[in-house]
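Colleague: everything below, folded, please.
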Amino acid sequence: MARNKRFIAAAIQLWPQDSMEKNLAAAKALIKSAAEDGSQLVVLPENFAYLGCSDLTDIAAAERAKGPVYEFLAKQARRYKLWLVGGTVPVSDHDSPKPFARSWLFNPEGKVVRHYDKIHLFDVDVPKSSDETLQQVSYRESDDYRSGTEAVVASTGLCRLGMTVCYDLRFAELYRQLADADARVVTVPAAFTTATGRDHWELLLRARAVENQMFVIGANMVDRNNPRRGLWGGSAIIDPWGTVLAQIDDQPGVAIAEINLNRLVEVRGKMPIAEHRKL
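Modeller: Prediction:
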């Protein structure tokens with residue numbers, strides 16, 4: 001357990017731009033804002049830099065060798081002396097050109113201390129929009145990405161931090177593994193669709209927080225009315241009781257809240273779910 005039982009966390013919500021450079025500029029401004037408001041842990045959304053890009057093989061190879069987004073994230077963490085969860089970035093290894101959706105955790109010195117490769121890939125058919133606007137209804141993430149295999153809990157100077165990504169949110173067994181590994185806070189960089197996010201995004205964030213008695217930080221992309229792929233937004237920070245501590249609706253911005261680990265101890269003490277498990 002970290003000595004300091006309170007710290008400020010931020011979930012950044014971004015609108016996808018038409019180039020990596022513009023995406024990084026938007027992220028830079030909101031990281032700066034979060035840092036100026038005292039944030040010590042900042043979480044960026046899934047694929048915040050490269051959403052919509054088609055040349056994933058080249059991007060993934062470049063980022064494997066500490067490419068432009070890696071260097072950007074390292075610089076921001078170092079500049080503001082904060083822990084930074086870099087959303088996800090396509091990163092390949094030498095075994096295959098197909099990348100992982102990798103979430104890097106940078107420390108305040110700008111060094112990667114852990115990474116998590118997204119385990120559950122979004123291969124689904126989602127409902128059509130009720131207003132008949134043209135929306136993408138089929139997603140096959142496994143066509144472009146490899147699946148990770150390892151659940152990750154990182155020791156930081158703030159807390160024990162579990163790492164997940166987007167579609168992982170629907171798989172309660174992953175979060176149970178993180179809780180069993182003493183995760184106190186779990187991050188969820190995401191690009192949740194409008195069709196699914198409207199009904200399930202906040203519901204799932206709160207469910208994972210309540211059933212595992214942990215803090216959950218969901219940082220989502222937003223573009224709800226995009227005619228092809230709507231992105232829900234609704235980035236939020238949830239406490240172990242399921243209370244929404246901070247939330248953004250449908251615009252870019254930063255959700256900021258105090259993480260009080262004493263609250264987690266209190267909730268677990270009064271309702272010791274882990275001790276009562278039978279299965």
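Colleague: so where do the helices sit in the stretch 151-279 of the chain?
Modeller: Per DSSP state H, counting those that start in this stretch, the stretch 151-279 of the chain carries helices over the ranges 172-180, 194-212, 261-270, 273-276.
Colleague: by contact count, what packs against the first one?
Modeller: Contacts of helix 172-180 with other secondary structure elements, assessed using 3 or more CB pairs under 8 Å, 6 or more residues apart in numbering; DSSP states H and E, are made with strand 160-163, helix 194-212. In short, each C-beta sits where N, CA and C put it, glycine included.
Colleague: buried stuff in it?
Modeller: Buried residues in helix 172-180, defined by neighbour count with 16 or more other CB atoms under 10 Å: 174-179.
Colleague: out of these, which is nearest to G162?
Modeller: Taking CB to CB as the measure, G162 lies nearest L178 of the buried residues of helix 172-180, at 3.5 Å.
Colleague: pull out the buried residues from the lowest-mean-pLDDT helix or strand in the chain.
Modeller: Here the helix or strand of the chain ranked lowest by mean pLDDT, DSSP states H and E is strand 138-140, holding a mean of 88. By neighbour count with 16+ other CB under 10 Å, strand 138-140 contains the buried residues Y139.
Colleague: hang on, the earlier thing: which of the helices of the stretch 151-279 of the chain sits most buried?
Modeller: Each of those was scored by mean neighbour count; the highest is helix 194-212, a mean of 20, by mean count of other CB atoms under 10 Å.
Colleague: and the angle from it to helix 172-180?
Modeller: Counting by axes from the mean of the first three to the mean of the last three CA atoms, to 10 degrees, helix 194-212 points 40 degrees away from the direction of helix 172-180.
Colleague: who's in contact with helix 194-212?
Modeller: By CB atoms under 8 Å, 6 or more residues apart in numbering, the list of residues contacting helix 194-212 from outside reads 126-129, 135, 137, 169-170, 172, 175-176, 178-179, 183, 186, 188, 190, 192, 214-216, 218, 220, 224-226, 230-234, 236, 238-242, 244, 247, 273.
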